[in-house]
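Asks: give the three-dimensional model of this entry:
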Amino acid sequence: MDQQSFPGQPLGKPLSAFEVVIEANRCLYCYDAPCMHACPTHIDIPGFISQIADGNLKGSARTILESNAMGASCARVCPVSELCEGACVYHHDDTPIRIGDLQRYATDYLRETGETIFEPGPPTGKKVAVIGGGPAGLATARDLRRFGHAVTIFEAKDFLGGLNTYGIVPFRLDKDVALWEAQQVVDLGCEVRTSVRVGDDIGMESLVKDFDAVVIACGMGGVPDTDIDGKEHAWDAIDFIEAAKLGKPFEKVGKHVAVIGAGNTAIDALTCAKRLGAERVTMFYRRGEEHMTAYDFEYDFAKAEGIEFRFFTLPTSIVRENGKIVGVKFVRTELVERNGRTSPVEIPGSEFVEPVDTVISAIGQSRLTDLFAKLGIAHRDGVIVVNDRMETSRPGLFAAGDCIYEKGMREAMVVEAAQQGKIAARSIEEYLMPERIPAPPRVLPTLTPAGH
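Replies: Residues are numbered from 1 along each chain as shown. Okay, here's the model as predicted:
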């Protein structure tokens, strides 16, 4: 699993010990803590920063991971400017507390020392199957083991971690961080079965029969099919990033790379191709800049890396000569409102060919509709329907992560998957052990809208 060598600096240089002390002591430790409210997992942010200021790094890491099993990854990939740091009372002065960097410092301490902070609960005799070893599945499994339930994780790939391991560029999230987080869950006593595709290698109904509860946290599939002529010659963005991140052999990227799509995966593919040596890397998107689903900070980063952006362009075919890609044929688009919805439509006579030699498709991921049909659970076009307890329409089956994320919204966040996993684990505990009264969830202090 040797990563490719990427030129340029990794993103998010860690704070020095001196910078950490200064930053931690800037915190006002707000009683109502707007940063806690803004975090989907509601980490006690003033608490963990206070522990850092006091030199209690192990306690700080525990406070973080107690709420967010993916706290080390989230410290690197969370859009903090839109979440905790965006809610900081210093934000209006453009000097918010560097919460993400402080969180990284505390969790890195735990990674470096190898100290253990959680233990499994007393065995309950109950067994739970978790389909998918990504952030949602790992977060669910971690808390289920702390409740004392036996957990078996079924993962289709060779390693746990999901997109944290395979799908986020290494200069943003090193695979070793994702694998360390996964190992913390495994060390609690989870059985792990990798390279097993549920539905193919093992029957769905056998899981339902053999386990007391099942958690569906399988994420989504590959890039969906398109109407582009010659689409088979384009890279799947997820496969491209995975190959680059894990050091898999593949042909060198060309001089001009075209990436189709405008989400966070597209940005990762763009910046990855640029750092792998492409002279020009261009994003093409059929809508406008304001419709991009990528986070603002990702977009800003791509622009700083020298990425080019072309909006209102729709690919129609990949042009090849002598067996090699030489360009992509596009048509320009405009937005038209129909039946209350705005959609891009082609502008007649606006076709043009853009010379490129590598094409990467990053137009989202397909849904695992067949898998959900086999389970007999309700879904909307491949999006599993769950209630606020992460329960599906079939008793004993729960779901979390990308597989429940509604279409047409902004892209899902790792921190949201971690929170959903936490909710699913608590709901399964109540389902399997109704006689046990779990500790109530922590109540957040009332937020004071007027500020401080």
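Asks: break down the stretch 51-200 of the chain into its helices, ranges please.
Replies: Using DSSP state H, counting those that start in this stretch, the helices found in the stretch 51-200 of the chain span residues 57-67, 71-77, 84-87, 99-113, 135-147, 163-166, 175-186.
Asks: most distant residue from the centre of this structure?
Replies: Note on the chain: the largest C-alpha distance from the chain mean falls to residue 349, namely 39.9 Å (Cα atoms, centre = their mean).
Asks: report the separation between that one and residue 138.
Replies: Residue 349 sits 52 Å away from residue 138, taking Cβ to Cβ, to the nearest Å as the criterion. Backbone N, C-alpha and C define where each C-beta goes, glycine included.
Asks: shaky segments in the protein?
Replies: Per-residue confidence of the chain (counting by pLDDT under 70) places the weak regions at 1-11, 221-225, 366, 407-411, 438, 448-452.
Asks: 50 instead, please
Replies: Scanning the chain for pLDDT under 50 picks out 1-2, 450-452.
Asks: so residue 118 touches residue 143, yeah?
Replies: No - between residue 118 and residue 143 there is no contact, the gap being 9.5 Å when judged by Cβ atoms under 8 Å.
Asks: okay, these two: which has more neighbours?
Replies: More crowded of residue 118 and residue 143, by other Cβ atoms under 10 Å: residue 143, with 25 against 17.
Asks: for that one, which non-adjacent residue is spatially closest?
Replies: Of all residues beyond its chain neighbours, the one nearest residue 143 is residue 425 (3.5 Å), with distances taken as Cβ to Cβ, 6 or more residues apart in numbering.
Asks: wait, residue 226 touches residue 361, no?
Replies: Yes - in this structure, residue 226 is within contact of residue 361 by Cβ under 8 Å, at 6.9 Å.
Asks: more neighbours: these two, which one.
Replies: A count of neighbours by other Cβ under 10 Å puts residue 361 above the other of residue 226 and residue 361, at 28 against 12.
Asks: what sits against the more buried one?
Replies: With contacts defined as Cβ atoms under 8 Å, 6 or more residues apart in numbering, the neighbours of residue 361 are 223, 226, 228, 231, 234, 235, 236, 237, 260, 261.
Asks: just residue 73 next, same as before
Replies: 135, 164, 173, 177, 178, 181, 414.
Asks: pretty sure the second one contacts residue 180?
Replies: When you say that, I think you mean residue 164. No - with contacts counted by Cβ under 8 Å, residue 164 stays clear of residue 180, the gap being 10.5 Å.
Asks: which one of the two has more residues nearby?
Replies: Neighbours of residue 164 and residue 180, each counted by other Cβ under 10 Å, are more numerous for residue 164; the result is 27 against 18.
Asks: closest to residue 316 out of the helices of the stretch 51-200 of the chain?
Replies: For these, the distance to residue 316 is smallest for helix 163-166, at 29.6 Å, taking Cβ to Cβ.
Asks: what is the closest one packed up against?
Replies: Taking 3 or more Cβ pairs under 8 Å, 6 or more residues apart in numbering; DSSP states H and E as contact, the helices and strands that helix 163-166 lies on are helix 175-186, helix 237-246.
Asks: let's have the ones you listed in CSV, adding distance to residue 304.
Replies: Listed next are the helices and strands packed on helix 163-166 as CSV, based on distance: least, Cβ to Cβ, whole Å:
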stretch, distance to residue 304
helix 175-186, 23
helix 237-246, 19
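Asks: for residue 66, find the nearest of those helices.
Replies: Checking those against residue 66 by Cβ to Cβ gives helix 175-186 as the closest, at 12.4 Å.
Asks: tilt between the longest helix anywhere in the chain and helix 175-186?
Replies: In the chain, assigned by DSSP state H, the helix with the most residues is helix 414-432. Note on geometry: by axes from the mean of the first three to the mean of the last three Cα atoms, to 10 degrees, helix 414-432 and helix 175-186 are set 10 degrees apart in direction.
Asks: report the buried residues of helix 414-432.
Replies: Neighbour-count burial for helix 414-432 flags 414-429, 431-432 (criterion: 16 or more other Cβ atoms under 10 Å).
Asks: how about it as CSV, C-alpha atoms only?
Replies: Output of helix 414-432 as CSV, limited to C-alpha atoms (Å, rounded to 0.1, in the frame of the first residue of the first chain):
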residue,chain,number,x,y,z
VAL,A,414,-17.4,12.0,7.2
VAL,A,415,-18.6,13.6,10.4
GLU,A,416,-22.2,13.1,9.4
ALA,A,417,-21.5,9.4,8.8
ALA,A,418,-19.9,9.1,12.2
GLN,A,419,-22.9,10.7,13.9
GLN,A,420,-25.3,8.4,12.0
GLY,A,421,-23.3,5.4,13.1
LYS,A,422,-23.4,6.6,16.7
ILE,A,423,-27.2,6.9,16.5
ALA,A,424,-27.6,3.5,14.9
ALA,A,425,-25.5,1.8,17.6
ARG,A,426,-27.6,3.4,20.3
SER,A,427,-30.8,2.4,18.6
ILE,A,428,-29.6,-1.2,18.2
GLU,A,429,-28.7,-1.3,21.9
GLU,A,430,-32.2,-0.3,22.8
TYR,A,431,-33.7,-2.8,20.2
LEU,A,432,-31.6,-5.7,21.5
